[in-house]
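what would the 3D arrangement of this be:
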Amino acid sequence: MSNWSEQRRLDKAADREQDREDKRLAIEGRLEAERLRAEETRKNAETEAKLKRQRDAEKAKSKALRKQQQAAARKRALAAVTAHMPIAGIPVVAASMAMAWGGQYEAAHAAGFGAYSIGVPLMLEGLTLTLATLTSAAMTAKKPHASLMTWTWASAFVAAALNGYGHIIEGGPGAVLKAVVFAVASLVGVFLWWRVATAHTATRTRAERAEDRRRAKHSEDRRKRFKEVAERANDIMLAHPYGTVTEEDAWRTAWMDEHAMDVSRTAAVTRKFQAAEAVAESLSAVALRRQFHDGVDGWLSEVLDEGDGGPAGSVPRKPSGGPSEGATTLGGIGKRALSRRPRKDAVEPLSEADLDAARKLADAVPAEQFSTPAIAKLLGRSKVYAKRVRDAVQSERGNG
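Have a look, this model is predicted:
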């Protein structure tokens, strides 16, 4: 009996322990479930927050992109407008068009067009505006636009003429002044557009355009002056495929064909050069002969001076005082056989050409530079002769 009771007590104790363990596990399960739910809630909140931040960032990025696109669109629109007209010029063109349209409508109404008066400015100003737009597009695309520009100006002048004539028909005080003002107003906008369009599309500077004009004038003058060479150059360029021969190459070949010489040289020019070279050679030969004769005369003069007892021809006397052998033989022979003669350049008549050259030198240089060496160098003569020329010129001028 006691064993059964003990066993029962133990079973009950084990049941209670199991109940406590079950309760503990149940509580832990609930806590873990709550923790998991809280963790999931936290992760969901973080995910939602992250998604919200991403959506906000994308919205901000999209907004910034839209702003950039709008700014770029405004910039492109402004560039498209200012490409053909600066902002400051837009009011001028607008005023010109308003006056032109209104003036032409009034002129047409005064001329009796009635309800069709509105068609006149629509037709004329619309035509001018369309042609100007086409011309600007062609200039921007670097396509031929000369004919479009001509038609634009023709349309503008027709509109201006009709505008002015209509106000003259309208009559009244100041009709002429009103006609002139409205006619000019029709042209102001076109003129401003033309000036801006040509300035924006210009690819060459003012200096380059001036150089082009000078080059064109040079080519025209050259062709007028050398007609035969120009005709031959044209034949050469036409005979070759287009672009294979330049104008300058054709000109050099044509000059060689016509004159058989390099460019700028002709038979007449060559003859002049040859004549000048012959004169120069003749003058050089004369100068060389003069220098040779002057040198020989100077040498003979020195030899004669020595033979007359100069330092080179003197012989010391004997101590006894008798005549020395050298003095008796060499010195005596020199005196008897070779009498002293004056230098040729010291006695020859002065050349009038040399005097004229010296006078010109005296006029061209200061007095202190009008010296014997300068005259000798100029004339190619000895200093003895040059000194005589200098003294003669100075004597003529009262300086000697």
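
wait, isn't V196 in contact with G89?
Yes. Between V196 and G89 there is a contact under Cβ atoms under 8 Å: 6.6 Å. C-beta coordinates here come from the backbone N, C-alpha and C atoms, glycine included.

how far away is A392 from D22?
For A392, the distance to D22 (Cβ to Cβ, to the nearest Å) stands at 157 Å.

could you pull out the helices in the stretch 51-200 of the chain for me?
90-110, 119-140, 146-170, 175-201 (DSSP state H, counting those that start in this stretch).

neighbour count winner among A392 and D22?
A392 (16 against 10; other Cβ atoms under 10 Å).

name the element D22 belongs to?
Assessed by DSSP states H and E, D22 sits inside helix 2-82.

let me see the mean pLDDT of that helix.
The pLDDT scores in helix 2-82 average 86.

and the angle from that helix to helix 175-201?
130 degrees (axes from the mean of the first three to the mean of the last three Cα atoms, to 10 degrees).

could you tell me how far helix 2-82 lies from the centre of the chain?
Averaging C-alpha positions (Cα atoms, centre = their mean, to the nearest Å) puts helix 2-82 75 Å from its chain's average.

now do that helix against helix 90-110, angle only.
60 degrees.

one step back: what residues are shared contacts of V196 and G89?
Counting by Cβ atoms under 8 Å, 6 or more residues apart in numbering, V196 and G89 have no shared contacts at all.

so where's the protein uncertain?
1-2, 80-85, 200-204, 279-280, 282-290, 292-341, 399-400 (pLDDT under 70).

try it again with 50
The chain contains residues with pLDDT under 50 at 306-339, 400.

surely A233 and W251 touch.
Yes. Using Cβ under 8 Å, A233 is in contact with W251, at 4.9 Å.

between those two, who's got more neighbours?
Taking neighbours as other Cβ under 10 Å, A233 and W251 compare with A233 leading, 25 against 21.

contacts only, for the more buried one.
Per Cβ under 8 Å, 6+ apart, neighbours of A233: E247, A250, W251, T253, A254.

in PyMOL, select just the buried ones from those.
Selection of buried members from these for PyMOL, criterion 16 or more other Cβ atoms under 10 Å:
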select buried, resi 250+251+253+254
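
now intersect the contacts of A233 with the helices, please.
The helices, defined by DSSP state H, take in E247, A250, W251, T253, A254 from the contacts of A233.

quick check: the second one vs G243, distance?
Distance of A250 to G243, computed by Cβ to Cβ: 12 Å.

residues shared between the contacts of the two?
Counting by Cβ under 8 Å, 6+ apart, A250 and G243 have no shared contacts at all.

buried set for the helix or strand containing Y385?
Element membership for Y385 (DSSP H and E) is helix 383-396. By neighbour count on 16+ other Cβ under 10 Å, the buried set for helix 383-396 is K383, V384, Y385, A386, K387, R388, V389, R390, A392, V393.

likewise stretch 348-358?
D354, A357, A358.

check stretch 235-246 too.
Here stretch 235-246 shows I236, M237, V245 as buried, counting by 16+ other Cβ under 10 Å.

same thing with stretch 106-114?
Buried, per 16+ other Cβ under 10 Å, within stretch 106-114: E106, A107, A108, H109, A110.

quick one: contacts for the fourth one?
It stands for H109. Contacts of H109 (Cβ under 8 Å, 6+ apart): S117.
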